[in-house]
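S.K.: Just to be clear, the model below is a prediction. Sequence and coordinates:
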Amino acid sequence: MLDQALATIDARKQASLALLTEFLRIPSVSTKPEHAGDLKRCADWLAGQFRDAGLSADVHPTPGHPVVVAKNVHKPGRPTVLLYGHYDVQPPEPLELWTTPAFEPTERNDETGHPAIYARGSADDKGQVWCHVEAVRALMATGGGDLPVNLTALIEGEEEIGSDHLDQFVAANADLLRADVAIISDTSQFDRGLPAITYGLRGLCYMEVFLTGPSHDLHSGMYGGSVPNPANVLCEFIASLHDKDGRVNLPGFYDRVVPLTAAERAEWQKLPFDEAAFAASLNIPHGNGEPGYSTVERQWARPTLDVNGITTGYQGHGAKTVIPAKASAKISMRLVPDQDPAEVQRLFEQAVRDRLPKNVTVEFKQHGLAGPVLTPADSPAVRLAREALAAGFGTTATTLVRGGGSIPVVALLKRVLGIDTLLVGFGLPDDRVHSPNEKFDLDALHKGTRTAAALYATLAGLHATK
């Protein structure tokens with residue numbers, strides 16, 4: 001069955017790409033209210049593709065954007081697999097930095113000469129979701145209208161804005177979504193030709209701080225030096241958030257951090273990571289960060305604090321001599337096991353209050369909390385996923401990695417459904433996710449589709465390995 005499905009996938013490369021292009025043309029930007037209709041249209045389109053592949057599919061409304069749930073006929077005795085993905089995408093701005101428009105998918109060679117499709121959402125996450133849709137289509141077509149496992153697909157439309165309504169949906173539909181293991185393809189290969197299974201993710205605490213000083217903007221000549229300047233105060237506070245060595249300067253921030261094991265550090269040192277090439281790819285002379293750790297260790301297994309945006313004062317052309325009445329900053333903290341996002345939020349807010357002068361007021365807004373994740377690297381599901389990657393990519397050179405980003409649904413599925421997640425992604429590190437000129441490598445698209453088919457075939461043996 002798998003050999004026939006893989007042959008079908010090989011034969012459908014162009015037809016599959018044409019459909020993915022349709023998917024990518026829909027501007028499903030979840031953060032912008034004006035795109036609400038596009039989100040609904042995208043969910044309907046995706047549900048239709050699952051139906052065309054032979055599954056039943058429904059579009060479930062939520063207080064936000066809809067959720068697509070698709071299923072084959074579940075039979076007793078077979079493992080049940082839950083596929084999670086998302087069809088919403090990041091905003092495309094700044095538009096002027098795109099070589100071709102963000103929602104006009106374009107095929108061209110990337111900077112290394114490899115063919116890719118350029119569009120917002122191509123790698124994150126429409127292209128990777130599409131690998132699974134096409135894999136299901138091929139398996140159903142060659143397997144007598146059935147799959148080797150019981151499959152439930154859960155594809156949401158709010159991942160890029162914090163999955164605000166997913167907790168409620170999963171809790172209310174736990175029986176519908178019950179499974180033995182989950183699969184998410186929203187990560188990447190370690191490098192071209194070195195596919196990876198991600199066994200750990202950093203968590204997130206995303207805060208916005210609003211400072212207010214005088215009742216209105218003031219003339220900087222008439223009032224300068226005699227009143228609090230929220231912009232100055234904010235800059236002083238931000239400067240206090242790291243010590244001279246680059247460590248986060250919040251009391252208690254590192255108390256729960258689980259140190260890397262010697263075995264992990266030894267394995268990661270074997271990975272083909274070139275520090276100089278990494279810096280050159282970003283047009284910087286060298287990287288930086290917490291002393292005593294490599295770039296890979298800093299990205300995967302150490303907590304961070306970064307300013308994501310600052311808003312204050314006059315932003316127009318030329319000069320305007322004002323002391324702004326308000327200043328704000330968006331600050332994200334990436335967390336590692338066993339840091340608690342809610343506890344980190346409390347630590348951060350307390351540090352703000354302790355360090356600000358008493359003649360400015362402060363307010364907070366929380367934009368997302370997600371716990372860090374560490375799944376067993378030696379589980380039966382991981383061993384089967386290694387087999388699937390070998391079949392899909394034609395190589396046994398797979399590796400186990402952690403990811404620096406956050407996928408909040410992984411912790412949610414563990415908490416509500418009690419299942420671990422296989423993070424098997426097909427993108428490449430240079431796909432420019434969340435940036436202009438996002439792309440998905442066409443070889444990765446094809447081999448990812450083959451791997452997805454192999455995953456469902458190998459996971460059919462999950463019960464036998466337990």
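M.R.: Okay, I see it.

S.K.: What's opposite the closest residue to Asp441 other than its chain neighbours in the beta bridge?
M.R.: Of all residues not flanking Asp441 in the chain, Ala116 sits nearest, at 4.9 Å (C-beta to C-beta, 6 or more residues apart in numbering). Every residue, glycine included, has its C-beta placed from N, CA and C. Ala116 has the following beta-bridge partners by DSSP bridges: Arg108, Asp441.

S.K.: just checking, Ala116 touches Arg108?
M.R.: Yes: at 7.0 Å, Ala116 and Arg108 qualify as touching, with contact defined as C-beta atoms under 8 Å.

S.K.: and the gap between the residue nearest to Asp441 and Gly448?
M.R.: Going from Ala116 to Gly448 by C-beta to C-beta, to the nearest Å gives 13 Å.

S.K.: ok, now Ala119?
M.R.: For Ala119, the distance to Gly448 - C-beta to C-beta - is 16 Å.

S.K.: Next up, phi/psi of Thr395, please.
M.R.: The phi/psi pair for Thr395 (degrees, to the nearest 10) reads phi -150, psi 150.

S.K.: per-residue pLDDT, it?
M.R.: In this model, Thr395 is scored at 91, pLDDT.

S.K.: Identify the residues contacting the residue nearest to it when sequence neighbours are not counted.
M.R.: Among residues not flanking Thr395 along the chain, Gly193 sits closest, at 6.7 Å (C-beta to C-beta, 6+ apart). Gly193 makes contact with Phe393, Thr395, Ala397, according to C-beta atoms under 8 Å, 6 or more residues apart in numbering.

S.K.: Tell me how this structure divides into domains.
M.R.: As given by automatic domain parsing, the domain ranges for the chain are 2-201+372-465, 203-257+303-370.

S.K.: which one of these lies closest to Ala277?
M.R.: domain 2-201+372-465 (10.6 Å; C-beta to C-beta).

S.K.: From the chain's centroid, how far away is the closest one?
M.R.: When C-alpha coordinates are averaged (C-alpha atoms, centre = their mean, to the nearest Å), domain 2-201+372-465 and its chain have centres 11 Å apart.

S.K.: which residues in the stretch 101-250 of the chain form helices?
M.R.: Using DSSP state H, counting those that start in this stretch, the helices of the stretch 101-250 of the chain run over 126-142, 166-172, 174-177, 220-223, 230-239.

S.K.: who's in contact with Gly224?
M.R.: Ile323.

S.K.: before we move on, the earlier item: out of the helices of the stretch 101-250 of the chain, nearest to Pro61?
M.R.: Ranking the helices of the stretch 101-250 of the chain by their distance to Pro61 (criterion: C-beta to C-beta) puts helix 166-172 first, at 9.9 Å.

S.K.: which strands and helices sit next to that closest one?
M.R.: strand 150-156, helix 408-417 (3 or more C-beta pairs under 8 Å, 6 or more residues apart in numbering; DSSP states H and E).

S.K.: picking that back up, can you list the helices of the stretch 101-250 of the chain in a markdown table and add mean neighbour count?
M.R.: Formatted as a markdown table, the helices of the stretch 101-250 of the chain follow (neighbours: other C-beta atoms under 10 Å):
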| stretch | mean neighbour count |
| --- | --- |
| helix 126-142 | 26 |
| helix 166-172 | 17 |
| helix 174-177 | 14 |
| helix 220-223 | 12 |
| helix 230-239 | 18 |
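
S.K.: would you list those in TSV and tack on distance to Gly313?
M.R.: Output for the helices of the stretch 101-250 of the chain, formatted as TSV (distance: least, C-beta to C-beta, whole Å):
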stretch	distance to Gly313
helix 126-142	38
helix 166-172	37
helix 174-177	48
helix 220-223	10
helix 230-239	5
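
S.K.: any low-confidence regions in the stretch 351-466 of the chain?
M.R.: For the stretch 351-466 of the chain, the stretches with pLDDT under 70 are 464-466.

S.K.: any chance you could map the helices in it?
M.R.: Using DSSP H, counting those that start in this stretch, the helices of the stretch 351-466 of the chain run over 380-393, 408-417, 442-458, 462-465.

S.K.: can you tell which of those is closest to Lys326?
M.R.: helix 408-417 (30.2 Å).

S.K.: Quick one: residues contacting the closest residue to Lys32 other than its chain neighbours.
M.R.: Take Lys32 and drop its neighbours on the chain: the residue closest to it by C-beta to C-beta, 6+ apart is Pro91, 6.5 Å away. Contact analysis of Pro91 by C-beta under 8 Å, 6+ apart lists Val29, Thr31, Lys32.

S.K.: Which among the residues you listed count as buried?
M.R.: Neighbour counting by 16 or more other C-beta atoms under 10 Å classes Val29 among these as buried.

S.K.: Out of the contacts of Pro91, the closest to Arg355 would be?
M.R.: Distance to Arg355 across these (C-beta to C-beta) is lowest for Thr31, with 30.8 Å.

S.K.: Help me confirm that the closest one comes into contact with Glu160.
M.R.: Yes: assessed by C-beta under 8 Å, Thr31 is found in contact with Glu160 at 6.5 Å.

S.K.: Can you work out which residues contact both of these two?
M.R.: Common contact partners of Thr31 and Glu160 (C-beta under 8 Å, 6+ apart): Gln90.

S.K.: picking that back up, make CSV from the domains of the chain and add distance to Gly292 to it.
M.R.: Below are these laid out as CSV (distance: least, C-beta to C-beta, whole Å):
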stretch, distance to Gly292
domain 2-201+372-465, 18
domain 203-257+303-370, 9
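
S.K.: out of these, deepest packed?
M.R.: Among those, domain 2-201+372-465 has the highest mean neighbour count (mean count of other C-beta atoms under 10 Å), at a mean of 20.

S.K.: Tell me how many other residues surround Tyr293.
M.R.: Look at Tyr293: counted by other C-beta atoms under 10 Å, it has 15 neighbours.

S.K.: Nearest residue to it in space, please, no chain neighbours.
M.R.: Computed as C-beta to C-beta, 6+ apart, the closest residue to Tyr293 that is not its neighbour in sequence is Arg302, at 5.8 Å.

S.K.: need the contact list for the closest residue to Pro115 other than its chain neighbours.
M.R.: Spatially, and ignoring its direct neighbours in sequence, Pro115 is nearest to Leu442 (4.5 Å; C-beta to C-beta, 6+ apart). Residues in contact with Leu442 (C-beta under 8 Å, 6+ apart) are Leu17, Glu107, His114, Pro115, Ala116, Ile117.

S.K.: can you tell me how far the second one sits from Pro27?
M.R.: I take that to be Glu107. Distance from Glu107 to Pro27, counting by C-beta to C-beta: 19 Å.

S.K.: go on, the fourth one?
M.R.: Computed as C-beta to C-beta, the Pro115 to Pro27 distance reads 24 Å.

S.K.: and what of the fifth one?
M.R.: Here Ala116 is placed at a distance of 20 Å from Pro27 (C-beta to C-beta).

S.K.: In contact with Ala385, which residues?
M.R.: Ile197, Leu422, Val424, Leu455, Thr458, Leu459.

S.K.: Can you give me the separation between the third one and Leu455?
M.R.: Using C-beta to C-beta, one gets 7 Å for the distance from Val424 to Leu455.

S.K.: shared neighbours, the two?
M.R.: Joint contacts of Val424 and Leu455 (C-beta under 8 Å, 6+ apart) are Ile183, Ala385, Ala388.
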